[in-house]
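Participant: Pasting the sequence and the predicted coordinates here, then a few questions.
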There are 2 protein chains.
Amino acid sequence: MKKKTGVTIYDLAAELNVSPSTVSRALQNHPSIGKATIKIVKKLAIERGYRLNTIAASLRKRETNNIGILVPWINRPFISSLISGAEAAARAAGYNVLISQSHDSIDNEIDNIKAFFESRICGLIVSLAMETKEFDHFDRFFENDTPIVFVDRIPEHLDAHKVIIDNHAAAFKATQHLIEQGCRRIAHFGGASHQTIYKERRRGYEDALKKYNLPIDESIIFHGDRLSADEGLKMTALLLKMPVPPDGIFSANDTAAVSAIQYAKSVGVNVPNDLAVIGFNNDPLCLIIDPPLSSVSHPAVEMGRIAVEQILKIKASKEDLLTQTITLKTEVVARASTLRKP
Amino acid sequence: MKKKTGVTIYDLAAELNVSPSTVSRALQNHPSIGKATIKIVKKLAIERGYRLNTIAASLRKRETNNIGILVPWINRPFISSLISGAEAAARAAGYNVLISQSHDSIDNEIDNIKAFFESRICGLIVSLAMETKEFDHFDRFFENDTPIVFVDRIPEHLDAHKVIIDNHAAAFKATQHLIEQGCRRIAHFGGASHQTIYKERRRGYEDALKKYNLPIDESIIFHGDRLSADEGLKMTALLLKMPVPPDGIFSANDTAAVSAIQYAKSVGVNVPNDLAVIGFNNDPLCLIIDPPLSSVSHPAVEMGRIAVEQILKIKASKEDLLTQTITLKTEVVARASTLRKP
DNA sequence: TTGTAGGCGTTATCAG
DNA sequence: CTGATAACGCCTACAA
C-alpha cells in the first residue's frame, strides 16, 4: 500500500534554482514575490503536475480545510437539501464537507462534536438534536476560534452566529391562512417545546389566534417527540374523537400533517372542508398526498449555502466578528388541503 | 486565530522519562512494548487529556482517516439513506465521511474525484453519475491502492469492488407480480440505458414477459433522462393516449411511478384495475400516494454500511484482495397500486 | 525580493 | 523491549 508522493515544492525549487520558500510563496501569490517569479513557478508547477499537500499544510497551519456539518438526520428531505446547498458552496470555495448525524440524541451529538474537533475541522455547521438543552460541548470550538454557525434548530440564548427562518412569522401566517379559510378551532402539532423553532412556531400560532380573537385551547395543542408519521396519526385520532373536534390543524412539520390527512380520510372526514391541514417545510411529499398539502416553504438549500458563506466570512475577517443572525424568508404555499371552496 | 496545540507525545514522554517513540508505540499497543509501560502511558495520556493529532499522523502515513462518498444527489431518499448507513458505520470505526455530489454530471464527478484525491481520502465509495460512461478518473486511486467500492450505479465491466442489488431479479419479480395480478400489456419506464442498473432492470422486465409468453413491445418501453416526476407525467400521458394502452407499468424508480398514478387518476383511469403501477426503491412517498405504491425494497442503509465495511476490510488486508461483488436482497412490496380485487 | 532554518506532531528505521 | 534520529511537506519568522 504505497502512496505515490508526487511533486513537492522542493522539486520545483530545485529545478528552478530558487528556494522552497520562494516556491511556496509564489504559489500563494505572496505580495513580496516578483510577478515574473510567480509566473515561472506556476508554469512549472502545472507542467510537473504539482499538487499542494493539504495535510502538510494543515499540520503547519493547525487546521484542515474541512467544514463539519452536524445534523439530526441526513435522510430527511429538508436536511439533505440543506447539506446539498452547503456541500455545493463549500466545494466551490475549495473546502470539503464532513457530515455526521446525531440521530436526535445528545450523546451522539457530543461524541460527534468531539470527533470533529479532533479531526481539526476549520468550521462547523450545526442543527441541534431534539434532545439538546445544554451547549457546553461547543465550548472547545469557541475557545479555539473555530467558527460555528448554527442553522435551523439553534441555541436560542447562546451568543453565536445563526441562520434561521422567522418561525414566529411563518407560523403566524400559516395559522392566519387557516383562519382566512374559515377555520375557527385550530389544533397545533408542535415539536419538543424546549427547541426554539417549535416554541416560536407555537407562539406564532397563538398570536394569530389572539389577533383574531379566537380562544387558545390547550387540549388541542400537542407536542410530539419526533413529529413522526405515527405520532401524527395518534394525535389526529385523539382530535377527531373529541366532542368538538377542530376544523383545522397547523402542524410544525409535513410528516405529521400528511398523517393527519391520511387519518382524516380514513374516517371519512373531508379535507379541507371539515378539516383543513397545513404543514411546515414544504417537503416533496406535499405534492404526493391527496389533497396536496399546504405548507410553509423552507429555503433549505439556501440556508446551507449561506451557512457556509458565513463560515468563510468569519474565517476571512481577522478580528472576532460580532455574532450575526441571518433570517431567511418563508412563505405560505397554499394547496388543496386548506383551500376551501366558497 | 490561534489554535491551542494540546498535549503531545513529547509532553507525556518527558513526564514519564521515556522516549516519544515509546509513548507513540504504547498508545497503539505495539507488540514490542511491555504491558506495564503501555498501562502507565495510557493512564497518563488520559489524565493529561492527550489527543492524537490526526493531521500529523496523516502526514506521516500519507493518508487521512476520511472516507469519501461521491453520489449523484444527496437529497434523494435512497441516497441519503445510503449515506446515513455509511456515515454511521464509518464513525463507529473512527473514520470521518466526506461527501460530494456529481449532480449526475460527468464533469462534476471528475472534479470531485480529483478534489477527493488531493485531500488524501483513505477510501472511496461511489455511485456513478447518470452521464458517466468512462472510468479513467478513478485510475489514480487504483494506482494508489486506495480502496474504492462502487455502489448501486456501478461500472459494469470494471474489475472492482461493488455492492449492488440484483436488479435483474428484482425487475423480474416486479414484472411477474404485475402479471400475476392479471396485467398482460406492461409498459416500462427505464433510466439511461448505458447504466447497468437500468439495463438490468429492463432485462429482468423483458425476461419476465418472455417467461409468460407476453410480447415485448418497444413502443411502450421508455427511457427517461432522470426519471423525474415531469418525465413520469409525460410518459404516462403518451401511454394512455395509445389506441391500446397498457394495463400495467413497471417503473425503474418511484418518482416516475407516482407521477403515473397521479396522471392516471387525473384522467379517470383506475389504479390498479385499469392500470397497475409498481415502482422501485420503496421510497417513503410510496406510503403517501393514494393508492399506496407497490415497489421493490432497496436496502440503502445496509448498502452504505456494507460499502464502508468493505473499504475497511480491503485496507486491513495486506495483499490486494480479489475484487468482490456483494449482492443484497430485495423484495417486492405489494401495495394497493397493484393489488387487484378478484 | 529572496533565502535560511526551524518546527508543526507523528511514525518508521535503525541501533542498542 | 526501548531510544535516537530522520523524515512526512509545508509555512513563516528572521536574515540577507
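Facilitator: Here it is on my side, so go on. Numbering: from 1, shown residues only, chains lettered A, B, ... in the order given.
Participant: residue boundaries of the helices in the stretch 101-250 of chain A?
Facilitator: Assigned by DSSP state H, counting those that start in this stretch, the stretch 101-250 of chain A shows helices spanning A:106-118, A:139-144, A:167-180, A:196-211, A:229-240.
Participant: can I get those in CSV with mean pLDDT, mean neighbour count and distance to B:Ile261?
Facilitator: C-betas here are computed from N, CA, C, even on glycine. Shown next, in CSV, are the helices of the stretch 101-250 of chain A (pLDDT from 0 to 100; neighbours: other C-beta atoms under 10 Å in any protein chain shown; distance: least, C-beta to C-beta, whole Å):
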stretch, mean pLDDT, mean neighbour count, distance to B:Ile261
helix A:106-118, 92, 19, 38
helix A:139-144, 88, 14, 48
helix A:167-180, 98, 22, 28
helix A:196-211, 97, 20, 32
helix A:229-240, 97, 19, 20
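Participant: Of those helices, which is nearest B:Ile9?
Facilitator: Judged by C-beta to C-beta, the one of the helices of the stretch 101-250 of chain A that comes nearest to B:Ile9 is helix A:106-118, at 15.0 Å.
Participant: rewinding a little: got TSV for the helices of the stretch 101-250 of chain A, with distance to DNA strand C too?
Facilitator: Shown next, in TSV, are the helices of the stretch 101-250 of chain A (distance: least, C-beta to the nearest atom of the strand, whole Å):
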stretch	distance to DNA strand C
helix A:106-118	10
helix A:139-144	13
helix A:167-180	42
helix A:196-211	37
helix A:229-240	46
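Participant: what about these, which gets the closest to B:Glu109?
Facilitator: helix A:106-118 (26.7 Å).
Participant: neighbouring contacts of the closest one?
Facilitator: Helix A:106-118 has contacts (C-beta atoms under 8 Å, 6 or more residues apart in numbering or on different chains) with A:68, A:70, A:98, A:100-102, A:124, A:128-129, A:131-134, A:137-138, A:140-141, A:144, B:51-52, B:54, B:91, B:96.
Participant: Alpha carbons of that helix, as CSV, please.
Facilitator: Listed next in CSV are the C-alpha coordinates belonging to helix A:106-118 (Å, rounded to 0.1, in the frame of the first residue of the first chain):
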residue,chain,number,x,y,z
ILE,A,106,-27.5,14.5,22.8
ASP,A,107,-24.9,11.8,23.5
ASN,A,108,-24.3,11.3,19.8
GLU,A,109,-24.1,15.0,19.3
ILE,A,110,-21.4,15.3,22.0
ASP,A,111,-19.5,12.4,20.6
ASN,A,112,-19.6,13.6,17.0
ILE,A,113,-18.6,17.1,18.1
LYS,A,114,-15.6,15.7,19.8
ALA,A,115,-14.7,13.7,16.7
PHE,A,116,-15.0,16.8,14.6
PHE,A,117,-12.9,18.7,17.0
GLU,A,118,-10.2,16.1,17.0
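Participant: what does the stretch 201-342 of chain A put close to DNA strand D?
Facilitator: Contact residues, the stretch 201-342 of chain A versus DNA strand D (C-beta under 7 Å from any atom of the strand): none.
Participant: For the stretch 201-342 of chain A, give the residue positioned nearest to chain B.
Facilitator: A:Ile288 (4.4 Å; C-beta to the nearest C-beta).
Participant: how about the nearest residue to that residue once chain neighbours are set aside, what does it touch?
Facilitator: Residue nearest to A:Ile288 in three dimensions, not counting chain neighbours: B:Ile288, with 4.4 Å by C-beta to C-beta, 6 or more residues apart in numbering or on different chains. Counting by C-beta under 8 Å, 6+ apart, B:Ile288 makes contact with A:258, A:285, A:288-289.
Participant: Please apply the same query to A:His223.
Facilitator: With C-beta under 8 Å, 6+ apart, A:His223 has these contacts: A:190-193, A:198.
Participant: on that earlier part again, A:Ala13: which of the contacts of B:Ile288 is nearest?
Facilitator: Using C-beta to C-beta, the contacts of B:Ile288 come closest to A:Ala13 at A:Leu285, 58.3 Å.
Participant: just to revisit the earlier point, tell me which of the contacts of helix A:106-118 fall in strands.
Facilitator: A:68, A:70, A:98, A:100-101, A:124, B:96 (DSSP state E).
Participant: mind checking pLDDT for the closest residue to A:Val41 other than its chain neighbours?
Facilitator: Computed as C-beta to C-beta, 6+ apart, the closest residue to A:Val41 that is not its neighbour in sequence is A:Ala26, at 3.8 Å. At A:Ala26, the model reports a pLDDT of 92.
Participant: do the same with A:Lys341
Facilitator: Taking A:Lys341 on its own, its pLDDT is 76.
Participant: Show the buried residues in the contacts of helix A:106-118.
Facilitator: For the contacts of helix A:106-118, burial is judged from neighbour counts taken by 16 or more other C-beta atoms under 10 Å in any protein chain shown, and it is met by A:68, A:70, A:98, A:100-102, A:124, A:128-129, A:131-132, A:137-138, A:141, A:144, B:54, B:91, B:96.
Participant: which of the residues you listed are close to DNA strand D?
Facilitator: Answer for the buried ones among the contacts of helix A:106-118 near DNA strand D: none qualify (C-beta under 7 Å from any atom of the strand).
Participant: Is stretch A:27-38 positioned near chain B?
Facilitator: No - if you take C-beta under 8 Å from any C-beta of the partner chain as the test, stretch A:27-38 misses chain B, and the best it gets is 14.0 Å.
Participant: residues of that stretch that come out buried?
Facilitator: A:27, A:33, A:37-38.
Participant: Of all pairs in the residues you listed, which one is the farthest apart?
Facilitator: Going by C-beta to C-beta, the pair spanning the buried residues of stretch A:27-38 furthest: A:Leu27 and A:Thr37, at 10.8 Å.
Participant: which parts of the stretch 51-200 of chain A sit against DNA strand D?
Facilitator: In this structure, the stretch 51-200 of chain A approaches DNA strand D at residues A:52-53, A:56-57, A:59-61, judged by C-beta under 7 Å from any atom of the strand.
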